[in-house]
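**Student:** What would the 3D arrangement of this be:
(one chain, ligands or ions: 2)
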Amino acid sequence: ERRQAEALRDLPAVSADGVALPLWGNIARPDGAGEILSRGGDGVGLFRTEFLYMGRDEAPTEEEQLAAYAEALTVLSPRPVTIRTLDAGGDKEIPYLASLVGHEANPFLGYRAIRLCLDHPELFKVQLRALLRAAVAGNLWLMFPMVVDAEELRAAKALLDVCAAELEAEGLEWARPAKVGVMIETPGALLMADLLAREVDFFSVGTNDLTQYLLAADRMNPRLKRLQDPFHPAVIRGLSVVARAAAAAGIDLGMCGEMAGDPLAIPLLAALGFRELSMTPARIPAAKKVLRSLSVAEAGKRLDEVLKAVTTAEVRSLLASWP
Ligand code: PEP
Ligand code: MG
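**Tutor:** Residues are numbered from 1 along each chain as shown. Ligands and ions are numbered 1, 2, ... in the order given. Coordinates of the predicted model:
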């Protein structure tokens, strides 16, 4: 069994009919990068940087962040490492930022992530500078969380340019990220996807939050289990909207929400046109097994029936019947 796992690790992430679908890992700290390689993954699809900000009394310095990002980039170079800027708020509380946020009746609809960062350049610039400096070490894909429209994206990119100009003037070594993208995890971003796609190099769909916001169901509330399911037909239809927008603009389309690592979802995601799936590293071997026996062309022929399904149960049973 161990031999089988080792053999699988070294096989490429390609479907039976030859479609390459790289399988990447989600990490919270740079030392998670090694596990991705040992599980047979090809990159990082989500580095949740907020964990660098947790369990301490103040934000990590530029040098501390530089060391963390450069470590992950170096370990995986030349493979892509997708680093997401600070996604504070909602389920990700950072006590020393509480005074900036104030009391909120609805933290998931609150002053968080890119909203908080854009309002506090003194906080955000430290991270952006560290990222530009770390980009020298490998293949950096930079990603912004919780974006709802192009205004936020433009403001974030403008601040990135300011940081680049500063580093240049200071004579520090830096590089542009290989790609800049946004997470699609809000209904706003979903409905703006065709326009956002013109201004980014990639989309990465965050199904954890996209499900929460599309179905207006708090992802932490145990009473809402029925609505915390990314196989809900509203979410499936949302995925096809994003996929069409990405294809029309010719940009990369990936997924880093939990759905990406679910074997039941992989044929559907491949058929929709997703071309990177990022998951908990432990799920990579099972995902690769599904992928390598999958015909993406055959899955594509059955896509319509899933997009017409009325209930979550119907979506799930249709997918379970796919060959
Ligand atoms: C998501 O929302 O799907 C996602 C990948 O990000 P997080 O779970 O960190 O909010
Ligand atoms: Mg999210």
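
**Student:** count of neighbours near the closest residue to Pro323 other than its chain neighbours?
**Tutor:** Residue nearest to Pro323 in three dimensions, not counting chain neighbours: Glu298, with 6.4 Å by CB to CB, 6 or more residues apart in numbering. All C-beta spots, glycine's among them, are computed from the backbone N, C-alpha and C. By the criterion of other CB atoms under 10 Å, Glu298 has 15 neighbours.

**Student:** before we move on, what about Ser295?
**Tutor:** 18.

**Student:** And the pLDDT at the closest residue in space to Glu185 that isn't next to it in sequence?
**Tutor:** With CB to CB, 6+ apart as the criterion, Glu185 has its nearest non-adjacent residue at 3.3 Å, and that residue is Gly206. Listed pLDDT for Gly206 reads 98.

**Student:** and what of Met259?
**Tutor:** If you check Met259, the pLDDT there is 98.

**Student:** any idea how far it lies from Tyr111?
**Tutor:** Separation of Met259 from Tyr111 (CB to CB, to the nearest Å): 27 Å.

**Student:** between those two, who's got more neighbours?
**Tutor:** Taking other CB under 10 Å, Met259 and Tyr111 do not tie; Met259 has more neighbours (26 against 15).

**Student:** Show me what from the protein comes close to ligand 2.
**Tutor:** Residues of the chain found near ligand 2 (CB under 5 Å from the ion) are 185, 206, 209.

**Student:** Next, count neighbours for the second one.
**Tutor:** Burial measure for Gly206: 28 neighbouring residues, criterion other CB under 10 Å.

**Student:** Angles on the backbone of the residue nearest to Pro323, please.
**Tutor:** With angles defined as degrees, to the nearest 10, Glu298 sits at phi -70, psi -40.

**Student:** again with Gln4
**Tutor:** Residue torsions, per degrees, to the nearest 10, at Gln4 are phi -60, psi -40.

**Student:** you'd agree Gln212 is up against Asp229?
**Tutor:** No - with contacts counted by CB atoms under 8 Å, Gln212 stays clear of Asp229, the gap being 11.0 Å.

**Student:** Which of the two has more residues huddled nearby?
**Tutor:** Taking other CB under 10 Å, Gln212 and Asp229 do not tie; Gln212 has more neighbours (23 against 18).

**Student:** The more buried one: which element?
**Tutor:** Per DSSP states H and E, Gln212 falls inside helix 207-214.

**Student:** for this protein, which residue is closest to the average position?
**Tutor:** Centroid-nearest residue in the chain, with CA atoms, centre = their mean: Cys256, separated by 3.7 Å.

**Student:** Secondary structure class of Leu264, three-state.
**Tutor:** When classified by DSSP: H, G, I helix; E, B strand; the rest coil, Leu264 comes out as coil.

**Student:** Do a quick rundown of the strands in the stretch 1-150 of the chain.
**Tutor:** 23-27, 44-48, 80-84, 139-144 (DSSP state E, counting those that start in this stretch).

**Student:** Closest residue of the stretch 201-323 of the chain to ligand 2?
**Tutor:** Asp209 (3.6 Å; CB to the ion).
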